[in-house]
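Novice: Sequence first, then the predicted structure:
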Amino acid sequence: ERRTQLLQPSFRAWYDRGFNLSMNDNAFLLKIRGFIQMRYTQRFRNDAWRNPGEAKNFPELLGVFGDYRAQRSENDSSQFNIRRARLMFMGHLFTPDLKYFIQLAGETAENAQNPGSVQLLDATVISTHAPWFNLQAGQYKVYFNRAQINNATSMQFAERALVMDAFTASGLNRRDIGITIMNDEEIYPVNYYFGVFNGLGPGFNRFGSFSSEQPTANCAGGQAGGTPPGCDTAQRNLNANLRSDVSQLMYAARLNWNILGRPGYAEGDMAYSETPQLAVGGAYAYNPSINTATDNGFVGTDLANLNVRRQLATFGNGRQLGWGTLDYSTYAFDFVYKYRGFSLQGEWYWKNINRHQKGAPFLGPVAGTNGGVAPGLLGNATGWYVQSGYYLIPRKLQLAGRYAWWDPDTNAAGDLIKQVDGAVTYYFSGTYDHQITIQYSNVFIGTGGYALGRSAPLPTSPVALNPFGNVPLDAVQKNLIENAIRIQYSIFF
């Protein structure tokens, strides 16, 4: 009997919604899971997508200085893409109260400006030794609003609404590097989250971000004749006289109250709750010193800040580009209700944008449509959405609808973004793990308002390589309309 015991392996291996490996004393657990989403998209766009195209909210950034180009397309387009391809490693170390989670991704989003490549999405360790004081550190999703916390494996739609991407805690990305304290949401009806982060998105820190100062107040610097009147024409233009590390951090706090039951953050009522589930939440995030361009004169950008600019453009905050260094104060309020297959949730967002460089940017001496002073100032941003779903067949067939509204610049007129979505999803296994979704979307994008470097007057600077022949990207004023159908197959194993 003793010999038999000694010959037994000291570990167990099995499959249960992932490949599992565990030591017999439960001191170590490794679970490996894969997640794949394959998608076909058919778009139908109006003629405005050919000219002027989208240059204000979602501009393309080119070259080392991130020069602007409008996103333009023909009326119809079709594409296949691997929307998400994830490999996850999770479990615990030494004790079940010391958990870890690592996630790799190799995919291409529909709005990506770079080819798909393998990247590290999450790398985090969580201590749950004290239920009232859990601790999480590493790179992970910031606990801010419901849409930011929810996992892509449990959405009611094939794609999030545009407004959800724009109002994250950092204003740049859902994920960040930092530390969070919180209590156990499975034990306490009221949950708190407080985190401190770099504030620049995944894989990036403030040591790579610089803020340049003008050598003379209100003087952007520049070539002969290219500075505001009274300023020294010989002073440096591109990076001014001083480049300093931005030693700021982002702070994010969230409070969630589970009034009835535990609705969680997964969308829809997959559990077909027999009792009403209701929760409300609110959050605030402060992310200072986001350098959207070198200085008030809009004359180039530090190379290390291209990461920030590209994230702003990718997630729809392109109107904030070129306005110097910004401080973001973002507020979010949300609710969710679930009962017997029915679900209803919504969120409201407000982003207060504080510019370090006050006043209207000077764009150089007037030369045709170039130079002069910016005709208006950047405003704040606000938006909201509401979505609902119902399981026609419990845990198998769900219908869902959503409406989203977004004002990317409260100082601009004719710039609203409105989105209507409808989706039907069939769940093969009665869980989120195996599903097919068909989604229809109608998106209206207003092209009004002023965008630095894209609207007249354009800057007269080295960035404007031909200052006497430039044509504003939004010279034609037309609203953009898109109708899209997405068919998406997802498997989580």
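Specialist: Alright, I've got the coordinates.

Novice: contacts and neighbour counts: CA atoms only from here.
Specialist: OK.

Novice: Run through the neighbouring helices and strands of the helix or strand encompassing residue 338.
Specialist: Assigned by DSSP states H and E, residue 338 belongs to strand 325-339. Where contact means 3 or more CA pairs under 8 Å, 6 or more residues apart in numbering; DSSP states H and E, strand 325-339 is packed against strand 277-291, strand 342-355.

Novice: C-alpha coordinates for the longest one, PDB please?
Specialist: Right, the one you point to is strand 277-291. The C-alpha trace of strand 277-291 is given here as PDB (Å, rounded to 0.1, in the frame of the first residue of the first chain):
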ATOM      1  CA  GLN A 277     -30.900  41.300 -10.200                       C
ATOM      2  CA  LEU A 278     -30.100  45.000  -9.900                       C
ATOM      3  CA  ALA A 279     -26.900  47.100  -9.500                       C
ATOM      4  CA  VAL A 280     -25.900  50.700  -9.900                       C
ATOM      5  CA  GLY A 281     -22.400  52.100 -10.000                       C
ATOM      6  CA  GLY A 282     -20.300  55.300 -10.400                       C
ATOM      7  CA  ALA A 283     -16.700  56.000 -11.200                       C
ATOM      8  CA  TYR A 284     -14.200  58.800 -11.500                       C
ATOM      9  CA  ALA A 285     -10.800  58.900 -13.200                       C
ATOM     10  CA  TYR A 286      -8.100  61.600 -13.300                       C
ATOM     11  CA  ASN A 287      -5.400  61.200 -16.000                       C
ATOM     12  CA  PRO A 288      -3.100  64.300 -16.200                       C
ATOM     13  CA  SER A 289      -0.500  65.500 -18.700                       C
ATOM     14  CA  ILE A 290      -1.600  63.600 -21.800                       C
ATOM     15  CA  ASN A 291       0.700  65.200 -24.500                       C
END
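
Novice: Return the residues in contact with residue 477.
Specialist: Applying CA atoms under 8 Å, 6 or more residues apart in numbering, we find residue 477 in contact with 52, 447, 448.

Novice: what about 7 Å?
Specialist: Neighbour list for residue 477: 52, 447 [criterion: CA atoms under 7 Å, 6 or more residues apart in numbering].

Novice: do residue 124 as well
Specialist: 100, 101, 102, 136, 137, 138, 139, 140.

Novice: in the sheet, who's paired with it?
Specialist: Under DSSP bridges, the beta-bridge partners of residue 124 are residue 101, residue 138.

Novice: Make a markdown table out of the helices and strands packed on strand 325-339 and add distance to residue 56, mean neighbour count and mean pLDDT.
Specialist: Shown next, in a markdown table, are the helices and strands packed on strand 325-339 (distance: least, CA to CA, whole Å; neighbours: other CA atoms under 10 Å; pLDDT from 0 to 100):
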| stretch | distance to residue 56 | mean neighbour count | mean pLDDT |
| --- | --- | --- | --- |
| strand 277-291 | 18 | 22 | 95 |
| strand 342-355 | 17 | 21 | 97 |
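
Novice: Just put these in CSV and tack on distance to residue 421.
Specialist: Output for the helices and strands packed on strand 325-339, formatted as CSV (distance: least, CA to CA, whole Å):
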stretch, distance to residue 421
strand 277-291, 23
strand 342-355, 14
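
Novice: what about these, which gets the closest to residue 460?
Specialist: Closest to residue 460 of those, according to CA to CA: strand 277-291, at 20.8 Å.
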